[in-house]
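Peer 1: Have a look; sequence and predicted model below, questions after that.
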Amino acid sequence: MGKYRNNICSWLVCLIVSAITAACSHEVDSLFTLTAAERIDRAVSDYSAYLTSSPEGWVMEYYPTNSVNHTTGRGYLIVLDFMNDGSAVMTMKNSASDYKALRDTSVWEIRKDNGPVLSFPTYNSCLHRFSDPSYRELGTGMGGDYEFVLADTATESRSVMMKGKKRGVYVRMSQLAEGNHERYIDGVEAFKDSLFPYDAVNYNLLSTGNAVYRVDSISGGIPNIYPVDGDPVANEKRAPYLITLHKDGYHLRFRDVLHLGADDVQELVFDPDRNCFAAGDNFGKVTLKAPDAVAFFDETVRNGLGWSMKLSEDAMCAQLYSIYKRLLSQMAAQRDKYELESWYCTIHDAQSEDAILSVDVTFRKNRNTRIKVRYDYDYSVGSGVVSMKNPVPVGSQSESVLSVFTAFDELLKAVAGDYSICSVKSCFCLNSLKWNQAGDSIWFRFDIEK
């Protein structure tokens with residue numbers, strides 16, 4: 001966004017008019033024959049024609065904030081139509097509207113200032129609530145703008161760049177390919193939620209041509225971006241972003257240009273073939289993607305987070321589920337009516353090369369008594385493969401459970417092996433991992449304990 005900050009000034013009307021004329025007219029006029037007032041009149045006329053020319057409407061990437069120098073809020077999508085009669089129809093569906101579709105109509109106009117300014121002079125529930133003093137923070141609202149200096153147009157992306165007149169935050173409007181406002185918003189939100197669900201526990205990785213950065217809490221809309229070997233507090237860089245849909249796919253665009261070492265990053269496009277967002281030279285110099293699932297499992301389990309096996313038919317292969325059903329039958333046959341309550345994995349000697357992956361299993365007996373047993377596997381990670389082998393019972397009670405429930409002994413041995421790991425959900429959400437045994441049909445699911 002730096003180039004706009006450096007270029008926007010009251011005497012830029014000539015360049016603005018040149019851009020608008022190129023976008024909206026086939027005529028070549030000598031603007032230098034016009035007076036300053038005539039140039040502003042031309043800019044107002046050209047912008048008005050441009051805004052009403054989009055048959056499907058526009059999507060505004062709107063960032064209310066009480067400080068342009070600090071991140072105080074996330075972004076919001078507002079979809080709008082500029083009508084020839086001077087009315088603007090807006091729609092949004094987000095936290096500010098209690099996640100319900102909110103649609104309202106108000107007046108729009110382009111008025112003359114030092115340059116053309118897009119103004120919404122009458123109250124619109126979608127836009128003005130962000131600047132309403134009574135909404136949220138008493139006296140300042142959410143720091144929203146409803147008047148924007150029209151800064152530039154980009155004919156290739158069919159967009160308009162604007163600058164909030166009061167807060168100085170840059171806002172982009174892009175022409176829609178989808179004319180149904182609510183359907184557009186729902187589609188974008190569904191895509192975002194499929195990649196970055198609110199409960200995702202993992203970080204993501206932003207790779208530039210020169211370095212790798214860790215991206216924490218992206219699902220909240222204001223991720224923290226810092227060097228992968230840096231400190232999340234000392235190296236904190238908060239970067240609000242929005243996702244929008246364009247003809248070439250879904251775009252993830254940060255509010256401001258991120259100056260990351262020698263690289264500048266702002267907008268990336270989702271590449272479904274590679275399951276990542278990408279930009280730059282050859283569409284790959286800059287990428288945003290999830291960490292490797294094997295590395296993520298190893299890191300989290302060594303840092304004390306536990307993973308539990310999902311014990312259900314849809315979460316394991318037929319062979320394992322068959323053994324599990326025999327175990328359920330053996331437990332039900334006991335007079336004390338045992339139930340298998342949990343299967344939980346942790347790491348012992350986490351910093352050692354000879355780390356031990358422990359399976360802690362809890363049986364419930366007569367609904368009142370719980371029996372906890374432990375079995376240790378040899379554990380290693382290498383070349384994208386996790387190995388858990390040679391289960392050994394820890395303690396006499398763990399041994400006795402195996403003698404009573406032979407199917408449980410069989411299940412412990414059946415899951416031993418070498419595994420590749422992939423996400424069950426989005427490639428960007430590693431809450432649930434599918435373990436696939438190399439060269440075999442054995443697979444099961446681990447869910448992280450949050």
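Peer 2: On my side now, so go ahead. Being a predicted model, the structure only gives us computed values, none of them experimental.
Peer 1: In the sheet, which strands lie alongside the helix or strand containing residue 270, parallel or antiparallel?
Peer 2: If you go by DSSP states H and E, residue 270 is part of strand 263-271. Partners of strand 263-271 in the sheet, by DSSP bridges, are strand 249-260 (antiparallel), strand 276-279 (antiparallel).
Peer 1: Need the residues that contact it.
Peer 2: Here strand 263-271 makes contact (CB atoms under 8 Å, 6 or more residues apart in numbering) with 1, 206, 208-211, 248-254, 256-258, 276-279, 283, 286-288. All C-beta atoms are positioned from the backbone trio N, CA, C, and that covers glycine.
Peer 1: got a list of what the residue nearest to residue 120 when sequence neighbours are not counted touches?
Peer 2: The shortest distance from residue 120 to any non-neighbouring residue, by CB to CB, 6 or more residues apart in numbering, is to residue 146 (4.8 Å). Applying CB under 8 Å, 6+ apart, we find residue 146 in contact with 119-120, 124, 127-128, 131.
Peer 1: Mind doing that once more with 6 Å?
Peer 2: 120, 127-128, 131 (CB atoms under 6 Å, 6 or more residues apart in numbering).
Peer 1: Show the pLDDT at it.
Peer 2: Looking at residue 146, its pLDDT reads 94.
Peer 1: if we can go back for a sec, quick check: ChimeraX command selecting the buried ones in the contacts of strand 263-271.
Peer 2: The buried subset of the contacts of strand 263-271, as determined by 16 or more other CB atoms under 10 Å, is captured in ChimeraX by this line:
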select :1,206,208,250,251,252,253,254,256,257,258,276,277,278,279,286,287,288
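Peer 1: Doesn't residue 409 belong to a helix?
Peer 2: Yes. Checked against DSSP: H, G, I helix; E, B strand; the rest coil, residue 409 lies within a helix.
Peer 1: Could you list the low-pLDDT ranges of the stretch 351-450 of the chain?
Peer 2: Judged against pLDDT under 70, the low-scoring parts of the stretch 351-450 of the chain cover residues 351-353.
Peer 1: What ranges does the chain have for its helices?
Peer 2: 2-7, 13-24, 36-51, 181-195, 293-302, 318-333, 396-404, 406-414 (DSSP state H).
Peer 1: With respect to residue 386, which of those lies nearest?
Peer 2: helix 293-302 (5.7 Å; CB to CB).
Peer 1: can you list contacts of the closest one?
Peer 2: With CB under 6 Å, 6+ apart as the criterion, helix 293-302 contacts 202, 347, 350, 381, 384, 386, 421-423, 430, 433.
Peer 1: One more pass at 7 Å, please.
Peer 2: For helix 293-302, the external contacting residues (CB atoms under 7 Å, 6 or more residues apart in numbering) are 202, 307, 345-347, 350, 381, 384-386, 421-423, 430, 433, 448.
Peer 1: Would you indicate which residues of that helix are buried?
Peer 2: Those buried within helix 293-302 under the rule 16+ other CB under 10 Å are 293-294, 296-298, 300-302.
Peer 1: And the residue of the chain most remote from its centre, what's its pLDDT?
Peer 2: Most distant residue from the mean C-alpha position of the chain: residue 335, 50.6 Å away (CA atoms, centre = their mean). The per-residue pLDDT reported for residue 335 equals 82.
Peer 1: Next, it: phi, psi?
Peer 2: Phi and psi for residue 335, reported as degrees, to the nearest 10, are phi -60, psi -30.
Peer 1: ok, it to residue 171 distance?
Peer 2: 70 Å (CB to CB, to the nearest Å).
Peer 1: do residue 375 as well
Peer 2: Residue 375 sits 57 Å away from residue 171, going by CB to CB.
Peer 1: same thing with residue 359?
Peer 2: 53 Å.
Peer 1: and if you look at residue 54?
Peer 2: Applying CB to CB, the value for residue 54 to residue 171 is 16 Å.
Peer 1: These two - which one has more neighbours?
Peer 2: Set side by side, residue 54 and residue 171 show more neighbours around residue 171, with 22 against 18, by other CB atoms under 10 Å.
Peer 1: Find the residue closest to the more buried one in space, skipping its chain neighbours.
Peer 2: In space, residue 171 comes closest to residue 162 once its chain neighbours are excluded; the distance is 4.8 Å by CB to CB, 6+ apart.
Peer 1: Contact partners for the one you found?
Peer 2: 118, 148-151, 171, 173.
Peer 1: likewise residue 187?
Peer 2: Per CB under 7 Å, 6+ apart, neighbours of residue 187: residue 245.
Peer 1: same deal with residue 431?
Peer 2: 199-201, 425, 447-448.
Peer 1: how about TSV for the helices of the chain, with distance to residue 231 added?
Peer 2: Listed next are the helices of the chain as TSV, based on distance: least, CB to CB, whole Å:
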stretch	distance to residue 231
helix 2-7	26
helix 13-24	43
helix 36-51	45
helix 181-195	27
helix 293-302	17
helix 318-333	42
helix 396-404	41
helix 406-414	40
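Peer 1: Alright, that wraps it up for me.
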